[in-house]
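Undergrad: pasting the sequence and the predicted model now:
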Amino acid sequence: MAKKIIKKIKLQIPAGKATPAPPLGPALGQAGINIGDFVTKFNAASQKMAGDIVSVSVSVFEDRTYDFIIKTPPVSGLILKAAGIEKGSGKNALSKAGKITRKQAEDIAEKKMPDLNAKDMDGAVRIVAGSARSMGVEVEN
């Protein structure tokens, strides 16, 4: 028989560098998860993505066991890294924060393809370009 899920937690954690300190510790502690065990398993599973902030979806079952799924880094983080900037523009229509090339947008789309809602690579690139535009980052052809 399948276990009943009592709570779902979504977090963004630096890959390979999770610690029991806030905000991770309190979020998992309230759900009744062994924090040290989660940190060890997460760091081992996300070691190859080190340096990126990754999204994690944690499902907590009624017997206090859990399962987690590590997703690819957020598009905005990948765009910031590709453009070499700290943050996007607060007023994207008035001032531009940086530029990325079409090739960089394609690389980001390729990396994010498993998590994007796109039928093909062209659609995925358009999603990435839209995110870049909303951050005040230009995509050059």
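TA: Done, it's in.

Undergrad: show residues contacting the longest helix along the chain.
TA: If you go by DSSP state H, the chain has its longest helix at helix 121-135. Here helix 121-135 makes contact (C-beta atoms under 8 Å, 6 or more residues apart in numbering) with 75-76, 79-80, 88-89, 92, 97, 100, 102, 105-106, 108-110, 112-113, 116-118, 138-139. (C-beta placed from N, C-alpha, C; glycine too.)

Undergrad: so for that helix, mean pLDDT?
TA: For helix 121-135, mean pLDDT rounds to 93.

Undergrad: got the buried residues for it?
TA: 124-125, 127-129, 131-132, 135 (16 or more other C-beta atoms under 10 Å).

Undergrad: just the helices in this structure please.
TA: 24-30, 35-45, 75-83, 102-112, 121-135.

Undergrad: got a markdown table for those, with distance to A15 too?
TA: Converted to a markdown table, these look like this (distance: least, C-beta to C-beta, whole Å):
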| stretch | distance to A15 |
| --- | --- |
| helix 24-30 | 13 |
| helix 35-45 | 8 |
| helix 75-83 | 11 |
| helix 102-112 | 13 |
| helix 121-135 | 20 |
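
Undergrad: of those, which stretch is the most buried?
TA: helix 75-83 (a mean of 20; mean count of other C-beta atoms under 10 Å).

Undergrad: could you check how far the residue lying closest to A118 once chain neighbours are set aside is from K111?
TA: Leaving aside its sequence neighbours, A118 sits nearest to A124 (C-beta to C-beta, 6 or more residues apart in numbering; 4.0 Å). Distance check for A124 against K111: by C-beta to C-beta, to the nearest Å, it reads 10 Å.
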